[in-house]
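[1] What follows is a predicted protein model with its sequence.
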Amino acid sequence: MKAKKILSFTIVLVLLVSLFTFAPTANAASDNPVKLIYAKPEITDYNKLSATGYVEVENIAYEKNVTIHYSYDGITWQDTSAEYYKPTWGNYEAWKFQTPAVTLGYREHATITFAIKYEVNGQTYWDNNNGKNYSVAAGYETTSRYDFGSGGVAAFYSYRITNDSPIYGALELKDLGYEKDVKVQYTTDNWETVNEVNAEYGYTFEENNSVQIWNYQIPYTKNQVTYKILYTVNGITYVDDNFGEYYTV
């Protein structure tokens, strides 16, 4: 799949279907059988905003329900069901969700707040970000903001200005420590040879100081570029490789 940057007026919104994998040690930090992997804002149709993302659940039993409990104003709450996506590692599964869209007014932005409910074997488990809930945001003069749960990094966008230009890209990550190593590994020959470039810190979202934008540049090549993102912090490496399908430009 291709990661694309879409500019509509001054709205910067990203339409990616991106998912990251991560080291089992990152998952072992909690016994909760349901965890947000990551979520992002997405524009559907004209000026309609929804939240999309991926949830990881422990496969305790075949029959299960994964529900997103969401709000557009922090007062009125509604539910929408997530759908099974694919296995991740061990006895865990990824489930994908998308909330119904809300229409953005002229020069407006919106925040979508949500928590995750997992029902299995007569038990109900929640991931509500330790009572703080999760949120994503986008809109007029607002950079699309992701939110993270058990993971740490996700592709934001990548593009060429012209066919003979370098590839410019950005990623979002969860700030888990001051010392961090952020790289983009790429190939032009189906991973027979591997190159990498370092990403550089861009900025931190003021309204959520745990999420940062990092930028990178892949040198020009006439071939198609396939890439993945690696983020190492506190001895753990988080990888966004689109579930092994990688990204292409």
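    Sure, I can see it.
[2] Which stretches in the protein count as helices?
    Applying DSSP state H to the chain gives helices spanning 24-27.
[3] which residues sit in contact with the closest residue to residue 169 other than its chain neighbours?
    Nearest residue to residue 169 in three dimensions, chain neighbours excluded: residue 158, at 3.6 Å (Cβ to Cβ, 6 or more residues apart in numbering). (Each C-beta comes from the backbone N, C-alpha and C, glycine too.) Shown in contact with residue 158 (Cβ atoms under 8 Å, 6 or more residues apart in numbering): 3, 5, 167-170, 218, 227, 247, 249.
[4] of those, closest to residue 109?
    Residue 109 lies nearest to residue 5 out of the contacts of residue 158, by Cβ to Cβ, at 17.8 Å.
[5] For the residue nearest to residue 169, give me the pLDDT.
    You'll see residue 158 listed with a pLDDT of 90.
[6] just to revisit the earlier point, switch the contacts of residue 158 over to JSON lines; also include neighbour count, distance to residue 55 and pLDDT.
    Putting the contacts of residue 158 into JSON lines (neighbours: other Cβ atoms under 10 Å; distance: Cβ to Cβ, whole Å; pLDDT from 0 to 100) gives the following:
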{"residue": "3", "neighbour count": "22", "distance to residue 55": "21", "pLDDT": "40"}
{"residue": "5", "neighbour count": "16", "distance to residue 55": "26", "pLDDT": "34"}
{"residue": "167", "neighbour count": "20", "distance to residue 55": "30", "pLDDT": "92"}
{"residue": "168", "neighbour count": "16", "distance to residue 55": "31", "pLDDT": "93"}
{"residue": "169", "neighbour count": "26", "distance to residue 55": "26", "pLDDT": "92"}
{"residue": "170", "neighbour count": "19", "distance to residue 55": "24", "pLDDT": "91"}
{"residue": "218", "neighbour count": "20", "distance to residue 55": "31", "pLDDT": "93"}
{"residue": "227", "neighbour count": "27", "distance to residue 55": "25", "pLDDT": "93"}
{"residue": "247", "neighbour count": "23", "distance to residue 55": "21", "pLDDT": "88"}
{"residue": "249", "neighbour count": "18", "distance to residue 55": "28", "pLDDT": "87"}
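[7] Pick out whichever of the residues you listed sits closest to residue 192.
    Nearest to residue 192 among the contacts of residue 158, with distances taken as Cβ to Cβ, is residue 227, at 14.7 Å.
[8] Is the closest one bridged to anything, and to what?
    residue 186, residue 247 (DSSP bridges).
[9] Make residue 1 into 190 and carry on from there
    OK, 190 is where the count begins now, so the last one is residue 416.
[10] distance of it from residue 348?
    13 Å (Cβ to Cβ, to the nearest Å).
[11] what is in contact with these two at once?
    residue 438.
[12] returning to what we had before: could you export the contacts of residue 347 as JSON lines, including distance to residue 277?
    Converted to JSON lines, those look like this (distance: Cβ to Cβ, whole Å):
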{"residue": "192", "distance to residue 277": "21"}
{"residue": "194", "distance to residue 277": "28"}
{"residue": "356", "distance to residue 277": "28"}
{"residue": "357", "distance to residue 277": "30"}
{"residue": "358", "distance to residue 277": "24"}
{"residue": "359", "distance to residue 277": "25"}
{"residue": "407", "distance to residue 277": "27"}
{"residue": "416", "distance to residue 277": "21"}
{"residue": "436", "distance to residue 277": "18"}
{"residue": "438", "distance to residue 277": "25"}
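[13] low pLDDT regions in the chain?
    Of all residues in the chain, those with pLDDT under 70 make up the ranges 190-219, 233-235, 294-297, 328-333, 395-398.
[14] Looking at the protein, which residue reaches furthest from the middle?
    residue 311 (30.1 Å; Cα atoms, centre = their mean).
[15] Roughly how far does the nearest residue to residue 293 once chain neighbours are set aside sit from residue 251?
    Nearest residue to residue 293, sequence neighbours excluded (Cβ to Cβ, 6+ apart): residue 236, at 4.5 Å. Distance, residue 236 to residue 251, by Cβ to Cβ: 40 Å.
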